[in-house]
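Engineer: need a 3D model of the following:
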Amino acid sequence: MAMKHQKIKLWRQIKLWVTVAVAVVFWTIGAGFFRDLSATTDETYKGLKLFSDVIELIEKNYVEPADTKKLIEDAIQGMVHGLDPHSSLLSPEDYKELQVDTQGEFTGIGVSITTRDGMVTVVSAIQGTPAYKAGIKSGDIIIKIGTEVTKNLRDAVSRIRGPKGSKIIVTLMREGAPEPLEFVLVRDVIPIESVRSLSLKPGYGYIWITNFRDNTTPDLVSALEKLESGPTPLKGLILDLRNNPGGLLNQSIEVSDLFLEKGTILSIKGRQEKNTKVFTAHANVVKRNYPMVVLINGGSASASEIVAGALQDHQRALVMGTTSFGKGSVQNVEALRDGYGLKLTIARYFTPSGRSIQAKGIEPDIEVKQEPVRIKEKPGREPMLMPKEKDLENHLDAEPGKGQKNTKEPKPSPDKNLDKNPVPSQPGHEEESVDGLVSPERLEMDTQVKRALETLISYDIFKGLQQK
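Structural biologist: Next up is the predicted model:
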């Protein structure tokens, strides 16, 4: 009888070990991929056996019942996070959010929301959307969606979005209103805009790129054509990449190519040959030879650093502001089973001159710090105590094998990180477009914009003097 009991126990251990090992393989490779993670070495075998022992002990002895699937998910997340701060396992919800954030539209009510003082707060309602037509205003606090109290930003986003034509009740608190306000809204298709533009004065344009999405390049071309077709020929352009957390790699390449006629835009180098590439500029039908100033700050990361670095190295633009974030790595997103995704760092990137900006950042040609302003929502505000790539735990070195990885306590990274394939912009925001924040009045109070405009005007004056 004892022998039979021992056999049953041994069989259970073997069955659990096999289940865990198979789970690790499936969770790691995803559909359509096969990587041999079998115990081909003694170390691999010992590691998998240790993992199965821990799972079994937790299942038997932990003070509360444990979800084995969640234990495995957390273990994989810890394994991937241990590589670098930009690699991670994406839950089905995060993976879907990532895909939405890189597309050109979604269905919702049309508000930009953020967390302020622990409350889900409206940044702005986008003109023409259900929220705008209903009268939702900047500063409104969302306390309920439907009949449920708003828990957090992610909860608000997931419940605000829904099928086109469906109704949603949003309850708000507004400063000066004696009681909460209730709005019944009908969801509609909301276009996502990542490009904002205006003319600062005749002949001088301003374009703000908030992040790099699928529609960024065509939207930028439209903005340029509008500025270029004005009554006064374009004498100078300010390209604002401050607080731009990055986005799609191909969009950063195409944006750079709009202002370059030849030469390297970017090179990426990974362990696999397929992840080692050089991207070059092409001659443009429309020649954009006017002087440019590119604005950057500590919140400029990833794809925005690619653009700034390319234009700086080719001496196509003067880079102004403060040193950028310093994310010089490229991530790829692979689809896994059951709706999960794996975001994995696959390469480092280098500017046209061969610079790696990883954990270093783009240094401006002219350093101009942002002076404090009263308007909190200004697009060009300098992040308070913004950490850099070099501050993140397990960050990559600028080049392979040089220096030691940072092992400090983890610090928050900027909202967005990725560069290749679907790349999230700002998770949690129903819509990042902040309509109404780009206006001459607001930019007149922006120290860095004012300095950039003065530089362009001065250049035009000196050029005129030289021709006399």
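Engineer: which helix or which strand is home to Arg159?
Structural biologist: Mapping Arg159 onto the secondary structure by DSSP states H and E places it in helix 153-160.
Engineer: please name every helix or strand in contact with the following helix or strand past that helix.
Structural biologist: With elements assigned by DSSP H and E, the helix or strand that comes after helix 153-160 is strand 167-173. On a contact count with 3 or more C-beta pairs under 8 Å, 6 or more residues apart in numbering; DSSP states H and E, strand 167-173 meets strand 141-145, helix 153-160, strand 181-186. Yep, even glycine has a C-beta here, placed from its N, CA and C like the rest.
Engineer: out of these, flag the one nearest Lys46.
Structural biologist: Closest approach to Lys46 among the helices and strands packed on strand 167-173 is made by helix 153-160 (38.5 Å; C-beta to C-beta).
Engineer: which residues are contacting the closest one?
Structural biologist: With C-beta atoms under 8 Å, 6 or more residues apart in numbering as the test, helix 153-160 has contacts from 93, 97, 108-109, 111, 113-115, 120, 142, 145-146, 148, 150, 168, 170, 427-430.
Engineer: now stretch 128-136
Structural biologist: 109-111, 122, 125-126, 170, 172, 183, 185-188, 190, 435.
Engineer: can you tell me which of those residues are buried?
Structural biologist: 109-111, 122, 125-126, 170, 172, 183, 185, 187-188, 190, 435 (16 or more other C-beta atoms under 10 Å).
Engineer: need these in TSV (columns: distance to Ile209 and pLDDT).
Structural biologist: Shown next, in TSV, are the buried ones among the contacts of stretch 128-136 (distance: C-beta to C-beta, whole Å; pLDDT from 0 to 100):
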residue	distance to Ile209	pLDDT
Ile109	25	93
Gly110	20	86
Val111	21	84
Val122	23	87
Ala125	22	80
Ile126	17	74
Val170	30	96
Leu172	30	96
Phe183	31	96
Leu185	29	96
Arg187	27	94
Asp188	25	93
Ile190	19	81
Asp435	15	36
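Engineer: pick out whichever of these sits closest to Gly361.
Structural biologist: Nearest to Gly361 out of these is Asp435 (C-beta to C-beta; 30.0 Å).
Engineer: any idea which element Thr217 lies in?
Structural biologist: Take DSSP H and E as the rule and Thr217 turns out to sit in helix 216-228.
Engineer: again with Ile58
Structural biologist: Ile58 is part of helix 42-61, with elements assigned from DSSP H and E.
Engineer: quick one: buried residues of that helix?
Structural biologist: Quick answer for helix 42-61 (16+ other C-beta under 10 Å): Leu48, Phe51, Ser52, Ile55, Glu56.
Engineer: likewise for stretch 220-237?
Structural biologist: Using 16+ other C-beta under 10 Å as the test for burial, stretch 220-237 gives Leu220, Ala223, Leu224, Leu227, Leu234, Lys235, Gly236, Leu237.
Engineer: look up how far Thr323 lies from the third one.
Structural biologist: I take that to be Leu224. According to C-beta to C-beta, to the nearest Å, Leu224 stands 27 Å off from Thr323.
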